[in-house]
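A.B. asks: Please work out how this folds:
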Amino acid sequence: MAEFEILAIGLDEADAPARFAKSFRETGFAILKDHNISADEIDRMYGVWTDFFASEEGPSFAVQPGESAGYFGYKSENAKGSASKDLKEFFHAYENKDLPKGTEAETREFQSKLVNLGATLLAWLSQETPSNVKFSEPLENMIDGSNMNLLRIIHYPPLPDDVEQGEVRAAAHEDINLITLLVTGTEPGLQAKDINGGWHDVPCKPGYITVNSGDMLSMASKGYYPSTPHRVVNPPKQKNCSRYSMPLFIHPRPDVFLDEMTAGEFLDERLKEIGLK
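C.D. replies: Numbers count the residues shown, from 1 in each chain. Below is the predicted model:
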């Protein structure tokens, strides 16, 4: 059995695009170990959002019917096909939507840098994908003019004593979008699944950005880049503390044709399946 190895790549390495595409092709994941987001920026982001979740502000930003921006309370979402809600609360931040005032300065800068980094990574994939895999347009162009890029700030509270069987912080799922960029969470727990059904801990080193492919990329590439199942497991009792995470989901414009449907049609279908629409 081939080893499940998620490659760690420096942004300025000469062979970075090729190694990134190779890791995506083989595992659906890759790690950036060098990038332009500083440890101080990451710490400030976690700081302002930790304060937000500790406050009573959440309900005043509760997501409104028909909308996807704002605060989602504890046990709002389930993975596709899962009967149990995930043990988390979260906030959906879009570049063109309002944010809690105490988070705005840090969040706008952080999100902008991640979106720009995502465009670079999509260009790498366009460059390294074999010519027999045809996209409707270059991957990096799919996000031109998109207002769908979603920064999700997640708080996984300490587990209560009455957790039921099957309830986990995030059940196994694939992401919906093209690619996801995830600055390392405050605690371990993220795992990825290999093609043989085995689960592997995703490295949790400070400063790493974990990148994974989503269903839209898998669809657009006719399966060349797999959308790998992943999950967040519950912590052991001796480490039952809050965990925070900040994935950025890179989304194409709704009119982009993936394969058999547009990105907008696919997103609408999946949001209904996971209980967010």
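
A.B. asks: For the rest of this, base every contact and every neighbour count on C-alpha atoms.
C.D. replies: OK.

A.B. asks: What segments of this structure are helices?
C.D. replies: Assigned by DSSP state H, the helices in the chain fall at 16-27, 39-54, 104-128, 215-220, 263-273.

A.B. asks: List of residues touching the shortest one?
C.D. replies: This means helix 215-220. 135-136, 174-179, 224-227, 258-259, 263 (C-alpha atoms under 8 Å, 6 or more residues apart in numbering).

A.B. asks: swap in the longest one?
C.D. replies: Residues from elsewhere that reach helix 104-128, judged by C-alpha under 8 Å, 6+ apart: 17-18, 20-21, 36-37, 41, 44-45, 95, 138-140, 143, 149, 151, 179, 181, 248, 250.

A.B. asks: What subset of these is buried?
C.D. replies: For the contacts of helix 104-128, a burial check counting by 16 or more other C-alpha atoms under 10 Å picks out 17, 20-21, 37, 45, 95, 139-140, 143, 149, 151, 179, 181, 248, 250.

A.B. asks: thinking Met246 is in contact with Tyr156, fair?
C.D. replies: No: contact criterion C-alpha atoms under 8 Å: Met246 and Tyr156 do not qualify, at 11.4 Å.

A.B. asks: picking up where we left off before, among the contacts of helix 215-220, find the lowest-pLDDT one for me.
C.D. replies: Of all the contacts of helix 215-220, Asp259 carries the smallest pLDDT score, 92.

A.B. asks: how much space between that residue and Val163?
C.D. replies: Here Asp259 is placed at a distance of 40 Å from Val163 (C-alpha to C-alpha, to the nearest Å).

A.B. asks: Between the two, which has more neighbouring residues?
C.D. replies: Neighbour comparison, Asp259 and Val163: the larger count goes to Asp259, with 16 against 10 (by other C-alpha atoms under 10 Å).

A.B. asks: What sits closest to the more buried one if chain neighbours are left out?
C.D. replies: Ala220 (5.7 Å; C-alpha to C-alpha, 6 or more residues apart in numbering).

A.B. asks: number of nearby residues for the one you found?
C.D. replies: Residues near Ala220, counting by other C-alpha under 10 Å, number 24.

A.B. asks: Also Ala171?
C.D. replies: Neighbours around Ala171, by other C-alpha under 10 Å: 25.

A.B. asks: contacting residues around it?
C.D. replies: Asn78, Ala79, Ser82, Asp86, His230, Arg231, Val232, Val233.

A.B. asks: How much space separates the last one from Ser76?
C.D. replies: What it means is Val233. From Val233 to Ser76 the distance is 17 Å (C-alpha to C-alpha).

A.B. asks: The third one now?
C.D. replies: With distances taken as C-alpha to C-alpha, Ser82 is found 13 Å from Ser76.

A.B. asks: what's the distance between the residue nearest to Lys205 when sequence neighbours are not counted and Lys33?
C.D. replies: Of all residues not flanking Lys205 in the chain, Thr184 sits nearest, at 6.6 Å (C-alpha to C-alpha, 6+ apart). According to C-alpha to C-alpha, Thr184 and Lys33 sit 11 Å apart.

A.B. asks: and if you look at Gly81?
C.D. replies: 34 Å.

A.B. asks: Compare neighbour counts for these two and give me the winner.
C.D. replies: Lys33 (16 against 11).

A.B. asks: For that one, which non-adjacent residue is spatially closest?
C.D. replies: Counting by C-alpha to C-alpha, 6+ apart, the residue nearest Lys33 is Tyr208, at 5.0 Å.

A.B. asks: now the strands: where do they sit in the chain?
C.D. replies: In the chain, the segments counted as strands under DSSP state E are 8-10, 29-34, 70-72, 89-94, 150-156, 170-173, 179-183, 190-193, 199-201, 209-213, 230-232, 243-250.

A.B. asks: Export the ones you listed to JSON lines and append columns for distance to Glu273.
C.D. replies: Shown next, in JSON lines, are the strands of the chain (distance: least, C-alpha to C-alpha, whole Å):
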{"stretch": "strand 8-10", "distance to Glu273": "33"}
{"stretch": "strand 29-34", "distance to Glu273": "24"}
{"stretch": "strand 70-72", "distance to Glu273": "16"}
{"stretch": "strand 89-94", "distance to Glu273": "18"}
{"stretch": "strand 150-156", "distance to Glu273": "18"}
{"stretch": "strand 170-173", "distance to Glu273": "12"}
{"stretch": "strand 179-183", "distance to Glu273": "19"}
{"stretch": "strand 190-193", "distance to Glu273": "21"}
{"stretch": "strand 199-201", "distance to Glu273": "24"}
{"stretch": "strand 209-213", "distance to Glu273": "19"}
{"stretch": "strand 230-232", "distance to Glu273": "17"}
{"stretch": "strand 243-250", "distance to Glu273": "18"}
